[in-house]
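A.B. asks: quick check, what structure comes out for this input:
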Amino acid sequence: MSITLSKSDGANPLDGITNMGVGVSWDPSAGGRGGLLGRLRREIGVDLDLIAVLFVDGEPVRFAGLDSLDPLGNGGIVHSGDAQTGKGAGDDELVSVQFDRLGPVDRVVYVAAAFKNGTSFENANNISFKVYDSTGGSTQQVADIWPSLLGTDNANAVAEARKENGGWVLEVTNRKGKIRQGDKQSILRFAQG
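C.D. replies: So this is what the prediction gives:
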């Protein structure tokens, strides 16, 4: 069974979950345009990015996304690769985490961004983040997170997993803001909060 999580739910313990996935899906939009330009925008699609930023003692140390698919080199956190259109069914991008392989990492912030120049959330519809439990070899969707679409910001720190009292918790943050497109440092500073 899947639940829809929101910011008001607070921190949710991940008791018993050792392998977790966070996937993002979206559909291309006409961006408010009709006619030929609207059809063309839907045909081309929109390139959003899911980026997981890893922290140790409050400092960003690695990230999964863009061109970094296995930043720890041990499969502890793996990104599925850059989907560039939002077309098709299912998750467009997915980050898988094995908590026991994260070493000193104590926080993972999941950011959705219109990172590349010329991209925009306004050209995407139905943005959804799904949380999966892959513990024990089978994958089951356990939660769905729907970020707010209000505003013209180009980044959203959707959720974070963090160590708390010897275990991990997942909390929806839904913190929107602006990043400088194409600038990795801007993403890292935004994720830091």
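
A.B. asks: by contact count, what packs against the host helix or strand of Ser186?
C.D. replies: When elements are defined using DSSP states H and E, Ser186 is found to belong to helix 184-192. Contacts defined by 3 or more CB pairs under 8 Å, 6 or more residues apart in numbering; DSSP states H and E place helix 184-192 against strand 49-56, strand 59-64, strand 107-113, strand 155-164. Yep, even glycine has a C-beta here, placed from its N, CA and C like the rest.

A.B. asks: so what touches it?
C.D. replies: Defining contact as CB atoms under 8 Å, 6 or more residues apart in numbering, one finds that helix 184-192 is touched by 51, 53, 55, 58-60, 63, 66, 109, 111, 113, 115, 155, 157, 177, 179-180.

A.B. asks: quick one, what contacts Leu14?
C.D. replies: Contact analysis of Leu14 by CB under 8 Å, 6+ apart lists Met20, Phe99, Ala161, Gly167, Trp168, Val169, Leu170.

A.B. asks: swap the cut-off to 6 Å and go again
C.D. replies: Taking CB atoms under 6 Å, 6 or more residues apart in numbering as the definition of contact, the neighbours of Leu14 are Trp168, Leu170.
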